[in-house]
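Participant: return atomic coordinates for the entry below.
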Amino acid sequence: MSAPKILIIPGSARKDSLNKKLAAVAAERARDAGAEVTLIDLNDYPAPIYHGDDEAETGMPDTMRQLKAQIRAHDALMIATPEYNGHVPPLLVNAFDWVSRADGDDKSNAFAGKLGAILSASPGRLGGARVIPRMRAFLADLGVMSVPGFASLPGAMQAFDENGALTSEHTIGQIDKLVAHLMSWFSQR
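Facilitator: Next comes the predicted model:
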């Protein structure tokens, strides 16, 4: 069997996003485990706030078609998400709301049958842990089955060295477990 294809999506678009840094670490760990990895930046997929009237008038933005194609081309998703007052960030919700829409003759669900893994980084002591169950439920509603566990990085402002390397061995271990879950799923198929 060929290597599983994993799409890694940071749920923050900020230039110095802690979750972008965490996503980059996850990408490296997944590549080291033998996966084919694509790490994207939602800045490359801008879209207006989803509105049904806008969709009816102008259709799906090309950037969301491109993101939909990326999701469809991969076997699994790893989402590195911040929490916004304990919830999934609006940027990620908006992108996934667009991608989940039917588009012309394409009525298929790009998320259906995908595996998912969830990571979160936060400067606080909880490491974004409050968003994990909400992200898991959000993904399930889209048709994504999340693997057991998650990676959470508390105190993330101090968790990366000047080269962007993660210094938390605990979180590296959590990421490696998520990657192992994904890899074992595909090795059994």
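
Participant: count the residues that sit near the nearest residue to residue 153 once chain neighbours are set aside.
Facilitator: Closest residue to residue 153 apart from its sequence neighbours, by C-beta to C-beta, 6 or more residues apart in numbering: residue 121 at 4.0 Å. Placement of C-beta: from N, CA and C, glycine included. For residue 121, the neighbour count with other C-beta atoms under 10 Å is 33.

Participant: the one 5 residues further on too?
Facilitator: By other C-beta under 10 Å, 14 other residues sit near residue 126.

Participant: helices or strands up against the longest helix along the chain?
Facilitator: The helix that spans the most residues within the chain, counting by DSSP state H, is helix 169-187. Under the contact criterion of 3 or more C-beta pairs under 8 Å, 6 or more residues apart in numbering; DSSP states H and E, helix 169-187 touches helix 18-32, strand 76-80, strand 115-121, strand 151-153.

Participant: now mean pLDDT and distance to residue 107 too, for those, in CSV please.
Facilitator: Below are the helices and strands packed on helix 169-187 laid out as CSV (pLDDT from 0 to 100; distance: least, C-beta to C-beta, whole Å):
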stretch, mean pLDDT, distance to residue 107
helix 18-32, 98, 30
strand 76-80, 98, 21
strand 115-121, 97, 22
strand 151-153, 96, 34
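
Participant: what's the closest of these to residue 9?
Facilitator: Across the helices and strands packed on helix 169-187, residue 9 has its closest neighbour in strand 76-80 (5.3 Å, C-beta to C-beta).

Participant: residues contacting the spatially most central residue of the chain?
Facilitator: Residue closest to the average C-alpha location in the chain (C-alpha atoms, centre = their mean): residue 79, at 1.9 Å. For residue 79, the contacting residues are 8, 9, 11, 92, 116, 117, 118, 119, 135, 139, by C-beta atoms under 8 Å, 6 or more residues apart in numbering.

Participant: quick revisit: just the C-alpha atoms of the longest helix of the chain, please, in CSV.
Facilitator: Only the C-alpha atoms of helix 169-187 are listed here, as CSV (Å, rounded to 0.1, in the frame of the first residue of the first chain):
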residue,chain,number,x,y,z
GLU,A,169,8.7,16.1,24.9
HIS,A,170,5.2,15.4,26.3
THR,A,171,3.5,17.1,23.4
ILE,A,172,5.9,15.5,20.9
GLY,A,173,4.8,12.1,22.4
GLN,A,174,1.2,13.0,22.0
ILE,A,175,1.7,14.0,18.3
ASP,A,176,3.6,10.7,17.7
LYS,A,177,0.7,8.7,19.2
LEU,A,178,-1.8,10.6,16.9
VAL,A,179,0.4,9.9,13.9
ALA,A,180,0.7,6.2,14.9
HIS,A,181,-3.1,5.9,15.1
LEU,A,182,-3.4,7.3,11.6
MET,A,183,-0.6,5.1,10.2
SER,A,184,-2.0,1.9,11.8
TRP,A,185,-5.4,2.6,10.4
PHE,A,186,-4.1,2.7,6.9
SER,A,187,-1.7,-0.2,7.4
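
Participant: all set, thanks.
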